[in-house]
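Enquirer: how would this look folded up:
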Amino acid sequence: MSKATAVSPVRTLSKSFWQLWTASTVSNVGDGLLVAALPLLAISVTTSPLLVAGLTICRGVPWLVFGLSAGVIADRTDRRRLMAFVDFGRAAVIAGLGFAVMVSDVPIWVLYVVALGLGIGEVLFDSASGALIPMIVADESLEKANSRLHLSVTVANELSGPAIGAWLFAAAAAAPFLIDAGSFVFAASMVLTIRDVSGSERESDNPPVEDSLQEPKRDSMRNQIREGLQFVRTHPLLRTLAIVGAGYNFLATGLEAIAVLYIRTELGATNLQYGLVLTLAAIGGIGGALAAPAIYARHRAGPVIIIDILICAAFAFAAAASGTLTSWAIFDTVLFFGSAIASIGAQTLRQRAMPTHLAGRVTSVFLLALFGAGPLGAAFFGVLTTATSLTTALVGFGLGAVVLVGASARNLVVNTQSA
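Expert: The predicted structure is shown next:
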């Protein structure tokens, strides 16, 4: 292996990182507003579970269409400019929706177009952002940096944002969309101020990097994608993690896609109560993220992931049997708590298993598996609840989780014994 040539690495969390962190945090606060506001706007237009789930489908379809290509695009482009361009574009899209809400009723197809545009931007932005972080943070500081980013995203996107979004929507329907547009503009401007981009010295099978932001093309996009797919397919642990991650995201995202309809119509919650439920779920996610290091210091990741999924299934069955807002709130909090722990464990296992020179492509395969499964799950749960009932979605989640554990438990335990 040859050493990748790079200029002096950034040894601490530098100004560049905090600029990226600030941009990410502000942007995610704006995105958090949409977590509540967009579904609430949708159910003001339609009460069809399938049409409401269509928002999640549209937002996730871009991952299925070009999720694997996005990582290659980010590697061949000035990542800061790509991120800024995407955020300016997302600002224009969501501002247009805000003004439309102010002047007239918005048909559901317009919400689909907006969700599709936001999804396309998310694919490109996340790929570029993930590639930029190692360029502004040294290897020994990556864990600290990722922790800071994870907590800020959780607090902004899942804790404060949804609650504020629900309150703002109740006060003025256009407000959360216009504020989100402003957050995108701020984030784009902040990213463009990043100047200290150097990158750390890392082992790689690739030739020396000629430019800190733009790596020359070494092979066709198709061949690069194929190499990443082949590595995951033939690696027992990575293959199992990809299957478990995709299956779990199919179930969890599918259930959450129709959650607003279940909470508002079946359980009779108000807009503010819906926001409170989202807030409690986010607190569960933060608790899981904080508890994960201590849990994995004592237990292997494979069994922990399995137990997490089974606990979530048990609470889903309990919530379906109870049929109360309190039981759903408890289930959703447990779901986010367990999901955070399982996600951190799976991510750590993946990082240890993938070689440096394939890290970007392996990551893109996992992002495709995770985010691509979401819209498929939303479509499935939308059809399921339309044909049966909203309560059936909870039972379906629980049964699906049990089946997923039964199909993957042995491989997950065996392949993580030495991890």
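
Enquirer: And the pLDDT for Thr279?
Expert: In this prediction, Thr279 carries a pLDDT score of 79.

Enquirer: Now it. Nearest residue, chain neighbours left out?
Expert: If you skip the residues right next to it in sequence, Thr279 has Ala163 as its closest partner in space, 4.4 Å away by CB to CB, 6 or more residues apart in numbering. Heads up, the C-betas are built off the backbone N, CA and C, glycines and all.

Enquirer: those strands in the stretch 51-200 of the chain, which residues are they?
Expert: Applying DSSP state E, counting those that start in this stretch to the stretch 51-200 of the chain gives no strands.

Enquirer: low-scoring stretches of it, by residue?
Expert: The stretch 51-200 of the chain contains residues with pLDDT under 70 at 130-131, 134, 137-147, 158-159, 196-200.

Enquirer: ok so, going back, ok, the residue nearest to Thr279 - contacts?
Expert: Taking CB atoms under 8 Å, 6 or more residues apart in numbering, we find Ala163 in contact with Ala36, Gly275, Leu276, Leu278, Thr279.

Enquirer: now do Ala42
Expert: Applying CB under 8 Å, 6+ apart, we find Ala42 in contact with Leu51, Val52, Leu55, Ile108, Leu111, Val260.

Enquirer: what about it, which helix or strand?
Expert: Assessed by DSSP states H and E, Ala42 sits inside helix 15-43.

Enquirer: Any buried residues in that helix, and which?
Expert: 16-17, 19-43 (16 or more other CB atoms under 10 Å).

Enquirer: Likewise for stretch 394-409?
Expert: For stretch 394-409, by 16+ other CB under 10 Å, it's Leu394, Val395, Gly396, Phe397, Gly398, Gly400, Ala401, Val402, Leu404, Val405, Ser408, Ala409.

Enquirer: Contacts for it, please.
Expert: Residues outside stretch 394-409 that contact it (CB under 8 Å, 6+ apart): 240, 243-244, 247-248, 250-252, 254-255, 306, 309-310, 312-314, 316-317, 319-320, 331, 381, 384.

Enquirer: Out of those residues, which sit inside strands?
Expert: When those are checked against strands (DSSP state E), there are no matches.

Enquirer: Selection in PyMOL covering whichever of those residues are buried, please.
Expert: Selection command for PyMOL covering only the buried members of those, criterion 16+ other CB under 10 Å:
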select buried, resi 240+243+244+247+248+250+251+252+254+255+306+309+310+312+313+316+317+319+320+331+381+384
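
Enquirer: Take the buried residues of stretch 394-409 and keep only those in helices.
Expert: Counting by DSSP state H, the members of the buried residues of stretch 394-409 that fall within helices are Leu394, Val395, Gly396, Phe397, Gly398, Gly400, Ala401, Val402, Leu404, Val405, Ser408, Ala409.
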